[in-house]
Every structure is written in C-alpha cells, then in structure tokens.
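> what's the 3D shape of this:
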Amino acid sequence: MLKIENLHAEVDGKPILKGLSLEVAAGEVHAIMGPNGAGKSTLSYVLGGRPGYEVTGGSVTFSERDGTSIDLLALDPHERAAAGLFLGFQYPVEIPGVSNVQFLREALNAQRAARGEEPLSGGDFLKLAKEKAGLLRMDMDMLKRQVNVGFSGGEKKRAEMVQMGILAPQFAVLDETDSGLDIDALRVVGEGINTIMRAPDKGVLLITHYQRLLDVVKPDRVSILAAGRIVQTGGPELAQRLEDEGYDAVMAEAAA
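Numbering: from 1, shown residues only. Modelled structure (predicted):
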C-alpha cells in the first residue's frame, strides 16, 4: 500500500532522512519508533507534503482507493489527501474563528469533489459526525467549537481522530498520537484507531516513543528509525524489547 525506497530529505539544507526504505502492506499497522532527532516527524511531514521539507532522492509509491499505484511525491498536499492519505500531527494546530463542524464538512466535501462524488448535505454530514464523535466519546458540542481552541491535549487528539473517522482515509500517518494523553484518553484514542483503520484495504504508519499505545493498537510490525534510516524491523516484541532494554542495547545488536 505504501512503499518507500531510498528516501532522502533535508530541512534548511540539513540532511535528515538518509536512504530510508520501508513498506507497509494493506491491512497492516506498522509502528515506527526511534530516539529523538532520528527523523520520525520529518518522515511524516515528507509523506504529507509539508512545505520546507525537500526530497533530494528516492521514491514513495502509494496505492489509491481503487488500487492504482501513484507517485505520492508528485502530488500537492491536498491531492495526497484526496487520494486517501491522512496525516495526524503530534501537535494539532488551533484555527480560531472556524468551527470543527464547518472545517470538517468543507474538508470532506472538497475530497469528495476531487473524487467526482456528490457533496454530503448538512443533515447527512451531521449524522456522520455524530457517529464518529461517539466512537471517540466526544460530545457534539465540542465539534461546534472553534478548531482546537481551548482544547486540552487529549481533546485535540480525540478531535483529530474524529476528523480521521469522517474523512475515512485509506492510509493514516499518525505522528506521536499518544503525546499528551492520559491513561483513559490513550485507550479511547487507541480503540478509535482500531475501529476506524483496522481493515484489509487500509494501512497505518504509527509513529510513537512508547509501548503504552501499542498495547492498545497492537501493531503487526515495528521498525526502529535512527539517524535517518530504518535500522531494524521485527514483530511487536521488538517494541517491548525497546521498552525493557532501551535503544542503545537494541541498536547495538542490530549493528553487530
């Protein structure tokens, strides 16, 4: 579903990704872990098409909703979203003056228009939004408020998962979704990811520092990203080893 080959990228002339290769199959949740400064957020921004992140080599192939393989890097950010890619931010931004309901309806109908589909009516959209908000235990009154304004860290992450549920992407790149969550919110968000994205025709690249989210989401594979490259890939037990032994011991073994 997502195939990254020998990806190189830099920010302000500084190389961050240095030959990263990774493949995520349809139906798979693939966790990325690694020390600070390894390039995890840079990878997510490059996949999402954030300005300022320059790709200097390599390729990213993405399978659209109809199964067609496309060059993801050749698309603008909004085209990537319409093709079925969703990017969840470590720090969701506030958008004063714009309600969540307004923002989400416009985003969904813009993507539907790009795919040649009819827009959802106001009533149909509110029904969909209520359903997805319920999955994340979020009251509809929260969605009537300005986007993320005055929200706690946990509320921002739950609102972002509601957005993912409404947009129904084929592939989600989630950058440290567990950041700022307490124990209860972590479980709600993790269960939301499972409900929305666990399907044979979908995929998830889940970037995290900690085992605690993986206890809920239960990834199929785990990779360690260090110094801009994938240095080791294994099953869920690899994340538990990192939790128990730390990065130094596990990466020293990988380099041996």
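> low-confidence ranges, the stretch 101-250 of the chain, go.
For the stretch 101-250 of the chain, no stretch has pLDDT under 70.
> all helices for the chain, in order.
Here the chain has its helices, by DSSP state H, at 40-48, 77-83, 100-114, 122-135, 140-143, 153-167, 183-197, 211-217, 236-245, 247-255.
> among those, which comes closest to Ala25?
helix 183-197 (13.7 Å; CB to CB). From N, CA and C alone the C-beta is placed, and that goes for glycine too.
> starting at the chain centroid, how far to that closest one?
Mean-position distance between helix 183-197 and its chain equals 13 Å (CA atoms, centre = their mean, to the nearest Å).
> and the angle from it to helix 122-135?
130 degrees (axes from the mean of the first three to the mean of the last three CA atoms, to 10 degrees).
> now do helix 183-197 against helix 153-167, angle only.
Using the same axes, to 10 degrees: helix 183-197 against helix 153-167 is 10 degrees.
> about what we covered before: okay if I get the helices of the chain as JSON lines plus mean neighbour count and distance to Val11?
JSON lines is the format used below for the helices of the chain (neighbours: other CB atoms under 10 Å; distance: least, CB to CB, whole Å):
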{"stretch": "helix 40-48", "mean neighbour count": "22", "distance to Val11": "7"}
{"stretch": "helix 77-83", "mean neighbour count": "18", "distance to Val11": "17"}
{"stretch": "helix 100-114", "mean neighbour count": "17", "distance to Val11": "27"}
{"stretch": "helix 122-135", "mean neighbour count": "15", "distance to Val11": "34"}
{"stretch": "helix 140-143", "mean neighbour count": "15", "distance to Val11": "34"}
{"stretch": "helix 153-167", "mean neighbour count": "22", "distance to Val11": "23"}
{"stretch": "helix 183-197", "mean neighbour count": "18", "distance to Val11": "28"}
{"stretch": "helix 211-217", "mean neighbour count": "19", "distance to Val11": "26"}
{"stretch": "helix 236-245", "mean neighbour count": "16", "distance to Val11": "26"}
{"stretch": "helix 247-255", "mean neighbour count": "13", "distance to Val11": "22"}
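> Met33 is nearest to which of the ones you listed?
helix 236-245 (5.9 Å).
> how about the helices of the chain in JSON lines, adding distance to Val55?
JSON lines is the format used below for those (distance: least, CB to CB, whole Å):
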{"stretch": "helix 40-48", "distance to Val55": "6"}
{"stretch": "helix 77-83", "distance to Val55": "13"}
{"stretch": "helix 100-114", "distance to Val55": "23"}
{"stretch": "helix 122-135", "distance to Val55": "33"}
{"stretch": "helix 140-143", "distance to Val55": "35"}
{"stretch": "helix 153-167", "distance to Val55": "25"}
{"stretch": "helix 183-197", "distance to Val55": "26"}
{"stretch": "helix 211-217", "distance to Val55": "28"}
{"stretch": "helix 236-245", "distance to Val55": "28"}
{"stretch": "helix 247-255", "distance to Val55": "26"}
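> give me the distance between the residue nearest to Ala172 when sequence neighbours are not counted and Lys3.
Leaving out its chain neighbours, the residue that sits closest to Ala172 by CB to CB, 6 or more residues apart in numbering is Phe86, at 4.5 Å. As defined by CB to CB, to the nearest Å, Phe86 lies at a distance of 18 Å from Lys3.
> returning to that earlier point: closest one to Thr56 among the helices of the chain?
helix 40-48 (10.6 Å).
> mean confidence for that closest one?
For helix 40-48, mean pLDDT rounds to 95.
> from the contact counts, what lies against it?
strand 2-11, strand 14-24, strand 29-33, strand 53-63, helix 77-83, strand 85-88, strand 171-175, strand 203-207 (3 or more CB pairs under 8 Å, 6 or more residues apart in numbering; DSSP states H and E).
> in a markdown table, list those along with distance to Lys132.
Converted to a markdown table, the helices and strands packed on helix 40-48 look like this (distance: least, CB to CB, whole Å):
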| stretch | distance to Lys132 |
| --- | --- |
| strand 2-11 | 24 |
| strand 14-24 | 24 |
| strand 29-33 | 19 |
| strand 53-63 | 24 |
| helix 77-83 | 17 |
| strand 85-88 | 13 |
| strand 171-175 | 14 |
| strand 203-207 | 17 |
